[in-house]
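In: Sequence below, structure please.
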Amino acid sequence: MVFQVFPGGLKRVFPGGLTDSVLKLLASVSRQATVDEIRTWSVTTIDTLNALMDKNNGQWDRDKSMEVILRYLSVPGHSLGTNELNVIGSNLCSLNVSTLQSITTGDLRNSNALDLSSCSYEQKSVLYVTANSSLRAQRNTGPINYHLISPYLGGAPLEDVRALASYNITMDISTFRSLSSPVITSLSVSDVRALMGSAVEDLKVFENDSVVQAWIASQPQSQVDTLNLGLRGGRADPSASPALVTGHTNTSSAPVTGHTNTSSATNNSSAPVTGHTNTSSATNTSSALVTGHTNTSSAPVTGQTNITTNSSSTQSPALSQSAAATVQGSAAALRLAPGVLFIASCVWLLTLT
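Out: The predicted structure is shown next:
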């Protein structure tokens, strides 16, 4: 018999609330009840709870499914045991954190794998802690432990997820996508490769999935490329900004005598220059009066000119000393020149006489 009436009419027939026998017959009509009407129901047996939670009758609104479960738990002696967990299934995510904390490790361990995809991170975290405590007590091998804990990994912290890599496991793409967002974006390319093994190729299949895209965006593109999957969207690799290379600028206004600094500076000075001139390709902005030898002066130049090109912004001490020696030698030769000419003239006159 199919009980096709609306809850409003049932309330008039059963003013004290619906009993187990009636609730088992409601089927999909039960989803039309309001939260206030559900609070009058007498859900006293596991069979009634099972009938109300049947997925074939449609999905419950979260607040309504929570109220149905709480009606059952309000009966003395009722708890979220193994049978209840198997009956409730994914509707477990409609319960608050405090209610989920009442689940024992034994009941959770013995229950069927639960669909926690609609649970919040806080709910998943509570269930993970309970499940992990149970599995630690069993001391299973790595792969077995992973298989049992995988439905609850959405609530696992980063360090626990990374530790799974040492178990030589193959994490499927569904489990990877169930991890919390902070954990996923904190996993490096090497972490994901170690966790997923051969299943890492599924990242290409799900490359347009929002979770996979978020993970790719959190990784340097150069690291993503090492997977050889053709995934794009990684962040740009940090690179050193090209350094701005400038010559040495001498802004000193002090006079310079003797020979000039051979640093990479352009001399725009218009001061008279005598002696040896070293024309450097570097830049010197000094406005000082220069005597002896200077850099790229626009002033008249007399004496010997030695043109050099300095492609570096600095010179080694050995080169500086060599330049200084050349300048001093040239200056000494200029000072001796008049005396040599005078002696040569005297010798020439004596020859004539």
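
In: Low-confidence bits of the stretch 101-250 of the chain, can you list those?
Out: Of all residues in the stretch 101-250 of the chain, those with pLDDT under 70 make up the ranges 137, 139-141, 239-250.

In: can you give me the helices in it?
Out: Assigned helices in the stretch 101-250 of the chain, in chain order: 105-110, 121-138, 142-149, 158-163, 173-178, 181-186, 189-196, 202-205, 210-217, 221-225 (criterion: DSSP state H, counting those that start in this stretch).

In: Looks like residue 31 contacts residue 64 (just checking).
Out: Yes - using Cβ atoms under 8 Å, residue 31 and residue 64 qualify as a contacting pair, with a distance of 7.3 Å. To be clear about C-beta, it is placed using only N, CA and C from the backbone, and glycine gets the same treatment.

In: Have a look at the two and say which one is more surrounded.
Out: In terms of neighbours (other Cβ atoms under 10 Å), residue 64 is the more surrounded of residue 31 and residue 64; the figures are 21 against 16.

In: so which strand or helix has that one?
Out: When secondary structure is defined using DSSP states H and E, the element that contains residue 64 is helix 62-73.

In: Can you tell me what sits against that helix?
Out: Contacts of helix 62-73 with the rest of the structure, by Cβ atoms under 8 Å, 6 or more residues apart in numbering, involve 31, 33, 35, 38-39, 41-44, 46, 48-49, 52-53, 60, 78-80, 84, 88, 91, 93-96, 99.

In: before we move on, the earlier item: would JSON lines of the helices of the stretch 101-250 of the chain with distance to residue 238 be doable?
Out: Listed next are the helices of the stretch 101-250 of the chain as JSON lines, based on distance: least, Cβ to Cβ, whole Å:
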{"stretch": "helix 105-110", "distance to residue 238": "44"}
{"stretch": "helix 121-138", "distance to residue 238": "30"}
{"stretch": "helix 142-149", "distance to residue 238": "34"}
{"stretch": "helix 158-163", "distance to residue 238": "23"}
{"stretch": "helix 173-178", "distance to residue 238": "26"}
{"stretch": "helix 181-186", "distance to residue 238": "17"}
{"stretch": "helix 189-196", "distance to residue 238": "16"}
{"stretch": "helix 202-205", "distance to residue 238": "23"}
{"stretch": "helix 210-217", "distance to residue 238": "15"}
{"stretch": "helix 221-225", "distance to residue 238": "10"}
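
In: now those as TSV including mean neighbour count and distance to residue 13?
Out: As requested, these are exported to TSV (neighbours: other Cβ atoms under 10 Å; distance: least, Cβ to Cβ, whole Å):
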stretch	mean neighbour count	distance to residue 13
helix 105-110	16	37
helix 121-138	18	37
helix 142-149	16	48
helix 158-163	15	53
helix 173-178	19	45
helix 181-186	16	49
helix 189-196	18	57
helix 202-205	16	54
helix 210-217	17	48
helix 221-225	16	64
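
In: Looking at these, spot the one closest to residue 12.
Out: Evaluated with Cβ to Cβ, these place helix 121-138 nearest to residue 12, the distance being 37.8 Å.

In: if we look at stretch 164-184, which residues are touching it?
Out: Outside stretch 164-184, the residues touching it (Cβ under 8 Å, 6+ apart) are 116-117, 121, 124, 142-143, 145-146, 150, 153-158, 161, 191-192, 194-199, 202-203, 205-206, 209, 211-212, 214-215, 218.

In: domains for this structure, by residue range?
Out: Domain assignment for the chain, taken from automatic domain parsing, gives 157-234, 260-311.

In: got the end-to-end distance for the first one?
Out: Spelled out, it's domain 157-234. End-to-end distance of domain 157-234: 24 Å, with Cα to Cα, to the nearest Å as the criterion.

In: What confidence value was assigned to residue 257?
Out: According to the predicted model, the pLDDT of residue 257 comes to 42.

In: do the one 5 residues further on as well
Out: Taken from the predicted model, the pLDDT recorded for residue 262 is 39.

In: what's the neighbour count on residue 199?
Out: Counted with other Cβ under 10 Å, residues neighbouring residue 199 total 17.

In: quick one: contacts for it?
Out: Contacts were defined as Cβ under 8 Å, 6+ apart; by that measure residue 199 touches 170-173.

In: Going by neighbour count, which of these are buried?
Out: 171, 173 (16 or more other Cβ atoms under 10 Å).

In: From the contact counts, what lies against the following helix or strand past the helix holding residue 64?
Out: Per DSSP H and E, helix 62-73 leads on to helix 82-88 as the next helix or strand towards the C-terminus. With contacts taken as 3 or more Cβ pairs under 8 Å, 6 or more residues apart in numbering; DSSP states H and E, helix 82-88 sits against helix 46-53, helix 105-110.
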